[in-house]
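**Q** Sequence first, then the predicted structure:
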Amino acid sequence: AQTVTQSQPEMSVQEAETVTLSCTYDTSENNYYLFWYKQPPSRQMILVIRQEAYKQQNATENRFSVNFQKAAKSFSLKISDSQLGDTAMYFCALSPPTQGGSEKLVFGKGTKLTVNP
Amino acid sequence: NAGVTQTPKFQVLKTGQSMTLQCAQDMNHNSMYWYRQDPGMGLRLIYYSASEGTTDKGEVPNGYNVSRLNKREFSLRLESAAPSQTSVYFCASSVIRGLRWPQHFGDGTRLSIL
């Protein structure tokens, strides 16, 4: 079974500071993808960043970067220079390979991030 | 660009009523999905459709049916709504088979069952 665990239900950070959100996962597969999705109060799910399991290099997207530790099955998200617009729920998700080709995302329960002015 | 469009955005039902949630995507994606989001539970997969003409059960399919009407549309039906189905429902789509393609989500439907 595939599982994703986000151990921090809520976090807060001051504007312009850096914050790291934790995510651990479990899968027996060797080839998979990991994603971070952002869900602001508007409720829309927005892809933040993704990581391919076979790539050792950590993915980065502007102020967002990940620390991917495959052996430890850890996939944390670092947000640098936090902005008020980063206030949202953040979901870590695992996409294991599936027979039939349709990728089924397994989500963590989310971390509510509040950026304070 | 509309992306993934869900209708309605809000709905209140009485226990036992039936309802169909509609989802359409204009990105020519092959795969489509229905999730539900409950407080403290994250998103859970209800059903998915790998391609036009195929559907499969996800993690929590009981009480739901789906129809992949064509490549663009994937509907979710509650035949006899129950209070336990009160949730926010998300439709998503992805390009093709292959792990690298992320899922794109609609804005969700907030469904309350009294």
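**A** It's in. Numbering: from 1, shown residues only, chains lettered A, B, ... in the order given.
**Q** neighbouring contacts of the helix or strand containing residue A:115?
**A** Here residue A:115, judged by DSSP states H and E, is contained in strand A:111-116. Here strand A:111-116 makes contact (C-beta atoms under 8 Å, 6 or more residues apart in numbering or on different chains) with A:6, A:8-15, A:19, A:21-22, A:79, A:82-90. Every C-beta, even on glycine, is put in place using the N, C-alpha and C of the backbone.
**Q** Tell me the spacing between the residue nearest to the spatial centre of chain B and residue A:92.
**A** In chain B, the centroid-proximal residue (C-alpha atoms, centre = their mean) is residue B:34; its distance is 2.7 Å. Residue B:34 sits 21 Å away from residue A:92, going by C-beta to C-beta, to the nearest Å.
**Q** and the strand holding residue A:115, which strands flank it?
**A** strand A:10-14 (parallel), strand A:88-95 (antiparallel) (DSSP bridges).
**Q** Redo these as a markdown table? Include distance to residue A:105 and mean pLDDT.
**A** As requested, the strands paired with strand A:111-116 are exported to a markdown table (distance: least, C-beta to C-beta, whole Å; pLDDT from 0 to 100):
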| stretch | distance to residue A:105 | mean pLDDT |
| --- | --- | --- |
| strand A:10-14 | 22 | 97 |
| strand A:88-95 | 5 | 93 |
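**Q** In CSV: those, plus mean neighbour count and distance to residue B:84.
**A** As requested, these are exported to CSV (neighbours: other C-beta atoms under 10 Å in any protein chain shown; distance: least, C-beta to C-beta, whole Å):
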stretch, mean neighbour count, distance to residue B:84
strand A:10-14, 13, 26
strand A:88-95, 24, 22
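**Q** Save those strands as CSV, and put in distance to residue B:11 too.
**A** Output for those, formatted as CSV (distance: least, C-beta to C-beta, whole Å):
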stretch, distance to residue B:11
strand A:10-14, 29
strand A:88-95, 22
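**Q** Which strand residues bridge the residue nearest to the spatial centre of chain A?
**A** Geometric centre of chain A, nearest residue: residue A:36, 3.0 Å, by C-alpha atoms, centre = their mean. For residue A:36, the beta-bridge partners are residue A:49, residue A:92 (DSSP bridges).
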